[in-house]
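K.L.:
Have a look at this fold, sequence not included:
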């Protein structure tokens, strides 16, 4: 894993978090160890556990608890990706083969289920029923969002729907990463709303940036095809802005009515969205969220961890500039 | 739901448990409500929640807690069935269409995930981190057993493997149903080993009976084809006993080496197992487990709930006589 500025504060803890995640397959079928190793080896910046560790350190959470919580959050996130990739038929994530491209569907479903249970197991280690409830309701919201997406493909065309979707898909998990530590030291009354705002804002920005890069980057950097969401029938923010500017675009109308676009038409649509103002407007929206995150941070005590959280927030949008 | 003798003690509580399970979809996508209703409408004797309620009542568990725990256990069980039926491609359960026969795979996967999260949510209501850990590790064991099964189809040929498999598949959930209430009133030191033995024994018997009926019953009563496990490559207890008696049966040798048997050969094998002593030996083994369960019960205080648990234990094997 590349070490970034925001990692510095928790540099010695992250390998521990990694070890705790990997140890969750001990005593189980070797195939599960192989699956989890493959998933964790494919990398990731471990942004969510870093948020947990930074907030925990700032609020004086017990070291053991913060490590278990960080590992639980990242494992829950990893578990959701397993079923996501299977459902979307994605063969690559972060440039590495997905589990569903290596295993058949039954084994992939079960591997995801196993990771859910092991995330819950790690989460239960911190002995907080409030945190357990937060885990359960976070997962419910994530899955509910995906169900809504499946039963309504092509139907998200307004920014409001989009915001709801990415909250369920991404921001709620960041919210949980930021909020949960406060519950372990009974400081939720003091900090819950601030941490929630911070987690929400970086989470929303994180997903918008992903959606910007999906159009603005190239297949090699992405480790998957450009505009992959559009290709599976999903309108993301750059496309929604494009639609606002060109409400009569015939291609998007067909797309919305569920008609599969011929490859060359799809390519021209992707190209038009890429070169439209929609990508820049989306960038600005992500930047706005990060400004909100920075404002939220000002309500926390000044300390090195707060600095690191500010750096982490900036990093989220740096990826797209 | 048909009321059976062992339900009497908790008759007024069961509809509450049902309502609590169904209420878990409130506030979520209507498709999830439809899915859960379909799953719960297909019936079932609610044996697991009845165990929770009876043990809870015997040990003086708070009414609210016992209802939430009972609903959580049954919902967790229901959730595991959703992915099971998808993986096995089963179109019927208890004579009703499975979710995967109505929905596509992505929606079915997500419905299962949602039920996992809602089972955890209900489980978290009882505010016991020990119970949460039990939930998580029960799910891990169940999923691990299924993974082992997938990576080793046709490979279970000894009673010892079979016992391990059905412990993970069925008995551990009964164990949890029996044990968990004691943790809510801090009586685990007094009763954990007794309740565990009881739950284990009725759970093992429950699965053996299912496997006996799979051979001894008919498709109409089963609500699915006879010998359905064998047809998907699984040897259950009657077949394992048959193999012990006829170790040189060419059909079983082929089967074990992964060769698909022609339909008429499969039918003759099913018929031979049905008429072999393997079915009766399996019955005896289930009866033995129920005797063990009754012995375990003697270590609990004499009370109407203990009577009802004894009746419930007898009911488990009555189905096959």
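P.N.:
Received, thanks. Because the structure is predicted, anything quoted here is derived from the model rather than measured.
K.L.:
after the lengthiest helix in chain A, next one along is what?
P.N.:
If you go by DSSP state H, chain A has its longest helix at helix A:188-216. Sequence order places helix A:219-222 as the next helix or strand after helix A:188-216, per DSSP states H and E.
K.L.:
What are the boundaries of the helices in the stretch 51-200 of chain A?
P.N.:
Using DSSP state H, counting those that start in this stretch, the helices assigned to the stretch 51-200 of chain A run over residues A:63-88, A:99-102, A:105-124, A:129-150, A:159-166, A:172-184, A:188-216.
K.L.:
can you put these in JSON lines and add mean pLDDT and mean neighbour count?
P.N.:
(Glycine included, C-beta is placed from N, CA and C.) Formatted as JSON lines, those follow (pLDDT from 0 to 100; neighbours: other Cβ atoms under 10 Å in any protein chain shown):
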{"stretch": "helix A:63-88", "mean pLDDT": "96", "mean neighbour count": "23"}
{"stretch": "helix A:99-102", "mean pLDDT": "94", "mean neighbour count": "19"}
{"stretch": "helix A:105-124", "mean pLDDT": "96", "mean neighbour count": "26"}
{"stretch": "helix A:129-150", "mean pLDDT": "94", "mean neighbour count": "22"}
{"stretch": "helix A:159-166", "mean pLDDT": "94", "mean neighbour count": "17"}
{"stretch": "helix A:172-184", "mean pLDDT": "98", "mean neighbour count": "26"}
{"stretch": "helix A:188-216", "mean pLDDT": "97", "mean neighbour count": "22"}
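K.L.:
Any chance of CSV for those, columns distance to residue B:178?
P.N.:
Below are the helices of the stretch 51-200 of chain A laid out as CSV (distance: least, Cβ to Cβ, whole Å):
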stretch, distance to residue B:178
helix A:63-88, 28
helix A:99-102, 35
helix A:105-124, 20
helix A:129-150, 22
helix A:159-166, 42
helix A:172-184, 31
helix A:188-216, 35
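K.L.:
Distance to chain B for those - can I get that in JSON lines?
P.N.:
Listed next are these as JSON lines, based on distance: least, Cβ to the nearest Cβ, whole Å:
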{"stretch": "helix A:63-88", "distance to chain B": "4"}
{"stretch": "helix A:99-102", "distance to chain B": "11"}
{"stretch": "helix A:105-124", "distance to chain B": "4"}
{"stretch": "helix A:129-150", "distance to chain B": "4"}
{"stretch": "helix A:159-166", "distance to chain B": "12"}
{"stretch": "helix A:172-184", "distance to chain B": "12"}
{"stretch": "helix A:188-216", "distance to chain B": "16"}
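K.L.:
and residue A:306, which of the three is it?
P.N.:
helix (DSSP: H, G, I helix; E, B strand; the rest coil).
K.L.:
Can you tell me the closest non-neighbouring residue to it?
P.N.:
Distances taken as Cβ to Cβ, 6 or more residues apart in numbering or on different chains put residue A:300 closest to residue A:306, at 5.2 Å, once the chain neighbours are dropped.
K.L.:
Show the contacting residues for the residue in the stretch 201-321 of chain A positioned nearest to chain B.
P.N.:
Chain B sits closest to residue A:232 of the stretch 201-321 of chain A, with a gap of 11.1 Å, by Cβ to the nearest Cβ. Residue A:232 makes contact with A:88-89, according to Cβ atoms under 8 Å, 6 or more residues apart in numbering or on different chains.
K.L.:
For it, give me phi and psi.
P.N.:
Per-residue torsions, residue A:232: phi -100, psi 10 (degrees, to the nearest 10).
K.L.:
What confidence value was assigned to it?
P.N.:
pLDDT recorded at residue A:232 is 81.
K.L.:
what do you get for residue A:307?
P.N.:
At residue A:307, pLDDT is 96.
K.L.:
Report the rounded mean pLDDT for stretch A:248-267.
P.N.:
Mean predicted confidence for stretch A:248-267 is 88.
K.L.:
That stretch close to chain B?
P.N.:
No. Stretch A:248-267 lies apart from chain B when judged by Cβ under 8 Å from any Cβ of the partner chain; the minimum separation is 15.2 Å.
K.L.:
still on that earlier bit, residue A:191 is in contact with the residue nearest to residue A:306, correct?
P.N.:
Yes. Counting by Cβ atoms under 8 Å, residue A:191 is a contact partner of residue A:300 at 6.9 Å.
K.L.:
Please work out the residue of the stretch 151-300 of chain A nearest to chain B and name it.
P.N.:
Of all residues in the stretch 151-300 of chain A, residue A:151 sits closest to chain B, at 5.3 Å by Cβ to the nearest Cβ.
K.L.:
who touches that residue in this structure?
P.N.:
B:29, B:31, B:107.
K.L.:
Phi, psi for it please.
P.N.:
phi -80, psi 0.
K.L.:
Against residue B:29, how distant is it?
P.N.:
Counting by Cβ to Cβ, to the nearest Å, the gap from residue A:151 to residue B:29 is 7 Å.
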